[in-house]
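> Only the shape, not the letters, is given here:
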């Protein structure tokens, strides 16, 4: 044993130090993995912080739900108005048909009255360039 230590003592010592450092590194990596797992981090957090976070989350969800409900109500009201306008147009068309008038002309007039802002862009006449006829006069 004495001759083995005298010949390879430094190598054995260096190998033992390397193994010790390797074991320390692996144990730190395992500890880091355990702490990063979900649920392990929550054990260190104060219960008051968790309760406040959950209450804030619930309040945010409630606000979002109220906003969604308001948007749905506005959409329903808009749909009711559109349906009411369609119903009025059908009634006007039916009355004009009963009087013997052309219902298509009245329908166009009523649409222009309902949407004056939308028809302003289409009301501007576009000038047509002077084109030569495809066939000659003769």
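Nice, I can see it. This is a predicted model, so every value here is computed, not measured.

> any idea how far stretch 90-98 is from the chain center?
Distance of stretch 90-98 from the chain centroid (C-alpha atoms, centre = their mean, to the nearest Å) equals 44 Å.

> ditto for stretch 9-18
Distance of stretch 9-18 from the chain centroid (C-alpha atoms, centre = their mean) equals 61 Å.

> What lies in contact with it?
With contact meaning C-beta atoms under 8 Å, 6 or more residues apart in numbering, stretch 9-18 is reached by residue 5. From N, CA and C alone the C-beta is placed, and that goes for glycine too.

> if we go to 7 Å?
Residues outside stretch 9-18 that contact it (C-beta atoms under 7 Å, 6 or more residues apart in numbering): none.

> now that stretch: mean pLDDT?
Mean pLDDT, stretch 9-18: 94.

> What segments of the protein are strands?
For the chain, strands defined by DSSP state E do not occur.

> quick one: low-confidence ranges for this protein?
38-44, 103-129, 133, 137-138 (pLDDT under 70).

> all helices for it, in order.
Secondary structure of the chain (DSSP state H): helices at 2-36, 40-44, 47-99, 103-114, 116-123.

> what's the most buried one of the ones you listed?
Here the criterion is mean neighbour count by mean count of other C-beta atoms under 10 Å, and of the helices of the chain the winner is helix 103-114, at a mean of 13.
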